[in-house]
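Q: quick check, what structure comes out for this input:
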Amino acid sequence: MDSNEKKAEFIIGRHPAIAALKSQQAINKVFIQENNASDALREISQLARKKKIIVSTVPKSKLDLLTDNQNHQGVVVAIAAFEYASLDDIFACAAKENEDPFFLILDGIEDPHNLGSIMRTADAAGVHGIIIPKRRAVQLTSTVAKTSTGAIEHVPVVRVNNLVQTVQSLKDKGMWVFGTDMNGNDFRKWNAKGAVALVIGNEGKGITPLLKKECDEILTIPMIGHVQSLNASVAAALVIYQGFTSRRS
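A: Numbering: from 1, shown residues only. Below is the predicted model:
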């Protein structure tokens with residue numbers, strides 16, 4: 001492995017690779033597994049060559065090495081570092097759709113699979129942008145890209161230094177901010193019409209106290225089972241879709 005490959009970010013898997021090649025993502029190189037003539041890999045190779053991207057046919061062992069033995073499905077795409085958006089960018093996304101802004105604020109999500117899954121839901125539900133902190137939280141990585149199955153190419157992500165200050169700024173712009181916690185109002189009654197931001201907390205600790213104080217309302221998911229918690233991405237999906245439903249009712 002040369003020094004450039006060691007520094008590269010990788011997108012792995014067939015669907016994420018196709019999504020990246022159809023997007024504006026800056027791609028350095030595509031690695032295709034030799035002796036694999038599947039239709040999906042043939043499509044990936046054709047897409048890459050149309051964009052004049054180098055395609056390298058390599059043994060499976062090479063792909064295993066590049067991906068630390070993850071399930072790469074015979075393809076690895078070496079990309080430039082993931083680009084982050086600005087707050088102005090995500091407001092512009094809402095304006096382009098002629099819609100009131102609908103943002104997600106992720107307070108310390110640490111698992112890249114959770115972030116990727118949340119991005120898939122956000123894309124499906126018409127969320128205009130996701131805001132994450134620069135520290136003590138997962139950033140955009142190849143694992144996030146793979147789990148998002150292409151949504152990373154369509155949902156802009158903003159990194160900020162301070163979530164509390166960012167929320168205060170959003171409220172100054174007329175947005176309503178809703179948090180999620182074990183104690184709050186039933187999320188099924190949430191009316192998300194207008195300009196809204198939804199805060200999803202850390203997998204174990206939830207929303208930090210200072211950020212919770214800035215929320216206009218706290219939403220909770222009623223549960224009657226023995227396990228009184230849900231995976232962060234599952235909980236996010238439920239509340240996001242309540243927002244989606246109420247905004248289109």
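
Q: now the strands: where do they sit in this structure?
A: For the chain, strands defined by DSSP state E occupy the ranges 9-12, 27-33, 54-58, 75-79, 102-107, 129-133, 157-160, 176-186, 196-201, 217-220.

Q: figure out which of the ones you listed is closest to residue 237.
A: With Cβ to Cβ, the closest approach to residue 237 among the strands of the chain belongs to strand 196-201: 10.1 Å. (C-beta placed from N, C-alpha, C; glycine too.)

Q: show residues contacting stretch 65-81.
A: 1, 5, 8-14, 16-17, 20-21, 25-33, 36, 38, 40-41, 44, 60, 63-64, 142, 146 (Cβ atoms under 8 Å, 6 or more residues apart in numbering).

Q: please disregard the earlier target; I meant stretch 155-175.
A: So stretch 155-175 is contacted by 82, 84-87, 89-91, 93, 101, 103, 105, 107, 119, 122-123, 127-134, 139-140, 148, 177, 195-197, 199, 208, 210-211, 214-216 (Cβ under 8 Å, 6+ apart).

Q: chain center to that stretch: distance?
A: 17 Å (Cα atoms, centre = their mean, to the nearest Å).

Q: and what of stretch 241-249?
A: 20 Å.

Q: please spell out which residues along it are buried.
A: 242, 243, 244, 247 (16 or more other Cβ atoms under 10 Å).

Q: any chance of these in TSV, plus distance to residue 182 and pLDDT?
A: Shown next, in TSV, are these (distance: Cβ to Cβ, whole Å; pLDDT from 0 to 100):
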residue	distance to residue 182	pLDDT
242	17	97
243	19	97
244	23	97
247	25	96
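
Q: any chance of those in a markdown table, plus distance to residue 204?
A: Listed next are the buried residues of stretch 241-249 as a markdown table, based on distance: Cβ to Cβ, whole Å:
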| residue | distance to residue 204 |
| --- | --- |
| 242 | 23 |
| 243 | 24 |
| 244 | 27 |
| 247 | 30 |
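
Q: among those residues, name the ones in helices.
A: 242, 243, 244, 247 (DSSP state H).

Q: list the contacts for the first one?
A: When you say that, I think you mean residue 242. By Cβ under 8 Å, 6+ apart, the residues touching residue 242 are 187, 188, 190, 192.

Q: and it, how far is that from residue 212?
A: Per Cβ to Cβ, to the nearest Å, residue 242 is found 19 Å from residue 212.

Q: just to revisit the earlier point, for the buried residues of stretch 241-249, which one is nearest residue 154?
A: residue 244 (15.6 Å).

Q: burial count for the nearest residue to that closest one once chain neighbours are set aside?
A: Nearest residue to residue 244, sequence neighbours excluded (Cβ to Cβ, 6 or more residues apart in numbering): residue 125, at 4.0 Å. By other Cβ atoms under 10 Å, 18 other residues sit near residue 125.

Q: surely residue 181 meets residue 200?
A: No: the criterion here is Cβ atoms under 8 Å, and residue 181 misses it with residue 200 at 10.4 Å.

Q: overlap of the contact sets of these two?
A: residue 207.

Q: more neighbours, these two?
A: residue 200 (24 against 15).

Q: what residues are up against that one?
A: Counting by Cβ under 8 Å, 6+ apart, the residues that residue 200 touches are 104, 105, 106, 107, 109, 118, 180, 207, 232, 235, 236, 239.

Q: straight-line length of stretch 155-169, end to end?
A: Terminal residues of stretch 155-169 lie 21 Å apart, using Cα to Cα, to the nearest Å.

Q: same question for stretch 55-69.
A: 21 Å.
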